[in-house]
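A.B. asks: build me a model:
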Amino acid sequence: MGDSLRAVRDFPKAVRDVIGFAVYQAQLGDRHVKANPLKGLGTGVLEVVSDHRGDTFRAVYTVRLEGKVYVLHAFQKKSKSGVAAPRSEIDLVRQRLKRAIELHAAQEN
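C.D. replies: Numbering: from 1, shown residues only. You can find the predicted model right below:
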């Protein structure tokens, strides 16, 4: 969704590998060892966190919609304080989740 693919392509290769494998496992119906539920967004929304050379990269995807995996957002966490994703990033995930649900419903009709 949105610029997620471009963002992941800009990540270091090691991070791309982790995120790519996590999404692949989700497509197979499995869950990557680094994939954890993202609190506050309900079931089926997961976050993969990968650290690389002191930087933290995150990708959020949903498996909530049958037969599809939507990568909702991918970003590098800039803040050095706290482990939680910034509010603005979570708001963007919410918007993209809503849009993914709409797209999925339209494809089923």
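
A.B. asks: all helices of this structure, in order?
C.D. replies: With helices called from DSSP state H, the chain shows them at 4-10, 13-27, 87-108.

A.B. asks: tell me which of those lies nearest to Tyr61.
C.D. replies: Nearest of the helices of the chain to Tyr61, taken as CB to CB: helix 13-27 at 6.1 Å. No exception for glycine: its C-beta is placed from N, CA and C like everyone else's.

A.B. asks: list the buried residues for the closest one?
C.D. replies: 15-16, 18-19, 22-23, 25-26 (16 or more other CB atoms under 10 Å).

A.B. asks: could you give the mean pLDDT of that helix?
C.D. replies: Helix 13-27 carries an average pLDDT of 96.

A.B. asks: which elements pack onto that helix?
C.D. replies: The helices and strands touching helix 13-27, judged by 3 or more CB pairs under 8 Å, 6 or more residues apart in numbering; DSSP states H and E, are helix 4-10, strand 35-37, strand 45-52, strand 55-62.
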